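Novice: Got a predicted structure plus its sequence, pasted below:
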Amino acid sequence: VQPAAVQPAAELETRIAKLIRDLGSDQFIVRERAQSELEGIGVAAFDALDTVRDSEDVELAMRVRYLLRVQAAGWIQEDDPPELRSVLKRYGEQAEMERRTRLERLAAFGHARALAALCRLARFEPSPALSKHAALLAMGVPFPESAAGRGELQAAIERSLGNSRRPAAAWLRQFGQTLVAPEDRIDQIVVAWRETLAAEARELARGTLRGGYPATNAAIVRDLHRWQFDYLRGLKRETDAAAVATELIAAVAGSQGELADLVGWLAERQLWPQIETLAAKFATDFARSAPLTYRRAEALARQGDKAGAERFASEAFELSPDSAKHLEMGMELRDRGLVEWAEREFRKVLAASQLGETEDLMARHRLAEMFYDHDRPLEAAKLWRELCDKLDGDEQVRERFGDRRQFFRSRMHFFCAKQHMAAGGLAQAREQ
């Protein structure tokens, strides 16, 4: 028998199929020999073995699963760049959570070589759900704008997948076709993706197992929805995209973490009416959460309902139980450009803290910098002047802060100088 590396592809495929049948033979010696030969063939037998991991023949399924575990899958290829090799090193020996983390590290590289590696992992990853996660990450990597570049990427995807018949491989082939589809095939592609999503939702409802692993999970179905939304929006098919967003809202179970994740995703895409729909569906859950209630207020503000926005923002303000939460909320609102609400949160911390305490300093610093960023340097200077005046009048406080006093005073003078410059007083600015 020729080694697998030099055996013609068709001949090798026939040989592998026969050996897999022999794994279920009535004769122990035939089963053992077939297992040994398949182990020797290695990764070339992976795709064929993967298709029968759930065989009703218990003996055959047990041996197939063993072979899938022990085969040295092609995690790393010789031409992988060093940064990918570092992530992929000993990948198969890691626990599932660590493997997931490594998939996400690969996706963060954001280039075609990382995409090819993710396709490889979609092919060989033992967990069907992680295999699909790898496929979704690959589909999210930026792809070339030129037709030639997209064609090259499709070819690279096909090479990485080999003969795999796994669902994740089917998604990636479909993605490859999406990359190169001519304009007159777009409608067919959209329908095909909708069918793929419906099939995955049915798989989740059935709770299917493959090789002892769940075939999918709610996060996979969610992320497939999200990918399709972005794809449809990219095609400017807003009605179809909105329908996908509606399905996402209908599918959400309602835990605080899940709601926060979804509302953040909706906000990133400026789907303000959908946030209000979600808030109405889970009114009680939103009413208990300051971050969620602020999101509802923001959605109303972005749609021009100032009175409704202020009502919910006021409710959200009352929900934070302590200064630490008010500080955290203030920083989040600041980062979203919601300055008035952020200021209220920071001033709550200042009012509840002793001048110069840690939380006071943190809120004071963030509020002052926010004022400066929004062309309010005089208000920023006043915040630091309050503290500097305290330092000037209390020796114990001066000793406690030591060299940090210089920072407080320098920020105060800097903001004062900026105020004078804005008012045209260059000489006064220099004095500061």
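Specialist: Looks like it arrived, so ask away. Numbering: from 1, shown residues only.

Novice: Tell me which residues are up against the helix or strand hosting Val30.
Specialist: Val30 is part of helix 28-41 when elements are defined by DSSP states H and E. Residues from elsewhere that reach helix 28-41 (Cβ atoms under 8 Å, 6 or more residues apart in numbering): 1, 4, 12, 16, 19-20, 22-25, 45, 49, 59, 63, 66-67, 70-71. Yep, even glycine has a C-beta here, placed from its N, CA and C like the rest.

Novice: buried stuff in that helix?
Specialist: Arg31, Ala34, Gln35, Glu37, Leu38, Ile41 (16 or more other Cβ atoms under 10 Å).

Novice: Check the spacing between the last one and Asp47 real quick.
Specialist: Between Ile41 and Asp47 the distance, using Cβ to Cβ, to the nearest Å, works out to 12 Å.

Novice: now the strands for the chain?
Specialist: Along the chain, the stretches classed as strands by DSSP state E are 209-210, 213-214.

Novice: For Ala95, find the nearest of these.
Specialist: Among the strands of the chain, the nearest to Ala95 by Cβ to Cβ is strand 213-214 (13.6 Å).

Novice: Could you count how many residues lie near the nearest residue to Gly330 once chain neighbours are set aside?
Specialist: Excluding the flanking residues, the one nearest Gly330 by Cβ to Cβ, 6 or more residues apart in numbering is Glu345, at 3.4 Å. By the criterion of other Cβ atoms under 10 Å, Glu345 has 28 neighbours.

Novice: Same question for Phe414.
Specialist: The number of residues packed near Phe414 is 16, by other Cβ under 10 Å.

Novice: Could you pull up the residues touching the residue nearest to Gly330?
Specialist: Listed by Cβ under 8 Å, 6+ apart, the contact set of Glu345 reads Phe317, Ser320, His326, Leu327, Met329, Gly330, Leu333.

Novice: Show me which pair in the residues you listed is furthest apart.
Specialist: Using Cβ to Cβ, the two most remote members of the contacts of Glu345 are Phe317 and Leu327, lying 13.0 Å apart.

Novice: So these two - more neighbours on which side?
Specialist: Using other Cβ under 10 Å as the criterion, Phe317 and Leu327 rank with Leu327 on top: 21 against 18.

Novice: Now that one: closest residue in space, sequence neighbours ignored.
Specialist: Val349 (5.1 Å).

Novice: Kindly provide the distance from the residue nearest the centre of the chain to His133.
Specialist: In the chain, the residue lying closest to the centroid (Cα atoms, centre = their mean) is Glu104, at 8.1 Å. In this view, Glu104 and His133 are 9 Å apart by Cβ to Cβ.

Novice: How about Pro273?
Specialist: Distance, Pro273 to His133, by Cβ to Cβ: 30 Å.

Novice: Which one of those two is surrounded by more residues?
Specialist: His133 (26 against 14).

Novice: so the more buried one touches Thr101, yeah?
Specialist: No - counting by Cβ atoms under 8 Å, His133 stays clear of Thr101, with 11.1 Å between them.

Novice: Please enumerate the helices of the stretch 251-400 of the chain.
Specialist: Taking DSSP state H, counting those that start in this stretch to define them, one finds helices in the stretch 251-400 of the chain at 256-268, 272-281, 283-287, 290-302, 306-317, 323-335, 339-352, 358-373, 377-393, 395-401.

Novice: Nearest residue to Leu367 in space, please, no chain neighbours.
Specialist: Phe346 is the one closest to Leu367 (Cβ to Cβ, 6+ apart), at 4.1 Å.

Novice: Sorry, wrong one. I was asking about Arg302.
Specialist: Here the nearest residue to Arg302 in space, its sequence neighbours aside, is Trp272; by Cβ to Cβ, 6+ apart that works out to 4.7 Å.

Novice: list the contacts for that neighbour?
Specialist: Going by Cβ under 8 Å, 6+ apart, Trp272 touches Leu266, Glu298, Ala299, Leu300, Arg302, Gln303.

Novice: cool, Glu83 as well?
Specialist: Phe109.

Novice: Quick check: it vs Val70, distance?
Specialist: From Glu83 to Val70 the distance is 28 Å (Cβ to Cβ).

Novice: Need the per-residue pLDDT for the residue nearest to Gly330.
Specialist: At Glu345, the pLDDT value in this model is 98.

Novice: What is the burial count for the residue nearest to Arg69 when sequence neighbours are not counted?
Specialist: In space, and not counting its chain neighbours, Arg69 is closest to Pro126: 6.9 Å by Cβ to Cβ, 6+ apart. Using other Cβ under 10 Å, Pro126 has 19 neighbouring residues.

Novice: could you list every residue that touches Pro126?
Specialist: Counting by Cβ under 8 Å, 6+ apart, Pro126 touches Leu68, Arg69, Gly92, Gly211, Tyr213.

Novice: quick one: least confident of these?
Specialist: Within the contacts of Pro126, pLDDT is lowest for Gly211, at 67.

Novice: Phi and psi next, for the residue nearest to Arg69.
Specialist: The phi/psi pair for Pro126 (degrees, to the nearest 10) reads phi -70, psi -30.
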